[in-house]
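Engineer: Have a look; sequence and predicted model below, questions after that.
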Amino acid sequence: MQIEILTPEKKIYTGDVYGLQLPGVSGSFEVLDKHAPLVSALKSGVVKILLDNKGATKGYSITGGFIEVLQNKATVLLESASAI
């Protein structure tokens, strides 16, 4: 699955990943390869990038934003993000 994570200032991350764990406004959720189309608002919390199916991850603390998933590509638009 291809992802792109953006803030108003810069591109935070782009590449192929196993999946994402995100803090949705109605609760946390996960997006994996070949996920159905989706648009969702995100609240403050942690976005965890699942780099592979062996447990390698990368995390970002966020203040809110949105995600769109379409045709096996996820675009995450964030107000702000910092690596953890």
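Structural biologist: All right, it came through fine. Since we're looking at a predicted model, the values are computed, not measured. Residues are numbered from 1 along each chain as shown.
Engineer: Neighbouring strands - and their directions - for the helix or strand encompassing Ser61?
Structural biologist: Using DSSP states H and E, Ser61 sits within strand 57-62. Strand 57-62 has the following strand partners under DSSP bridges: strand 45-50 (antiparallel), strand 81-83 (antiparallel).
Engineer: Gln71 is nearest to which of the ones you listed?
Structural biologist: Between Gln71 and the strands paired with strand 57-62, the shortest gap by CB to CB is with strand 45-50, which sits at 19.2 Å. For glycine as for every other residue, the C-beta is placed from the backbone atoms N, C-alpha and C.
Engineer: hang on, the earlier thing: nearest to Leu70, out of the strands paired with strand 57-62?
Structural biologist: Using CB to CB, those put strand 45-50 closest to Leu70, at 18.2 Å.
Engineer: Would you mind listing the buried residues in the closest one?
Structural biologist: Under the neighbour-count criterion of 16 or more other CB atoms under 10 Å, strand 45-50 has Gly45, Val47, Lys48, Ile49, Leu50 buried.
Engineer: Show the pLDDT at Asn53.
Structural biologist: Asn53 is assigned a pLDDT of 86 by the prediction.
Engineer: Dump stretch 35-49 to PDB, keeping only the CA atoms.
Structural biologist: Taking Å, rounded to 0.1, in the frame of the first residue of the first chain, the C-alpha atoms of stretch 35-49 are listed here in PDB:
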ATOM      1  CA  HIS A  35      -8.600  -1.300   2.100                       C
ATOM      2  CA  ALA A  36     -12.000  -0.100   0.900                       C
ATOM      3  CA  PRO A  37     -12.300   3.600  -0.100                       C
ATOM      4  CA  LEU A  38     -12.500   5.700   3.000                       C
ATOM      5  CA  VAL A  39     -12.500   9.400   4.100                       C
ATOM      6  CA  SER A  40     -12.200  10.000   7.900                       C
ATOM      7  CA  ALA A  41     -11.400  12.900  10.300                       C
ATOM      8  CA  LEU A  42      -8.500  12.400  12.700                       C
ATOM      9  CA  LYS A  43      -8.200  13.700  16.300                       C
ATOM     10  CA  SER A  44      -5.000  14.400  18.300                       C
ATOM     11  CA  GLY A  45      -3.000  11.300  19.000                       C
ATOM     12  CA  VAL A  46      -0.400   9.000  17.400                       C
ATOM     13  CA  VAL A  47      -0.300   7.800  13.800                       C
ATOM     14  CA  LYS A  48       1.700   4.500  13.600                       C
ATOM     15  CA  ILE A  49       3.100   3.500  10.300                       C
END
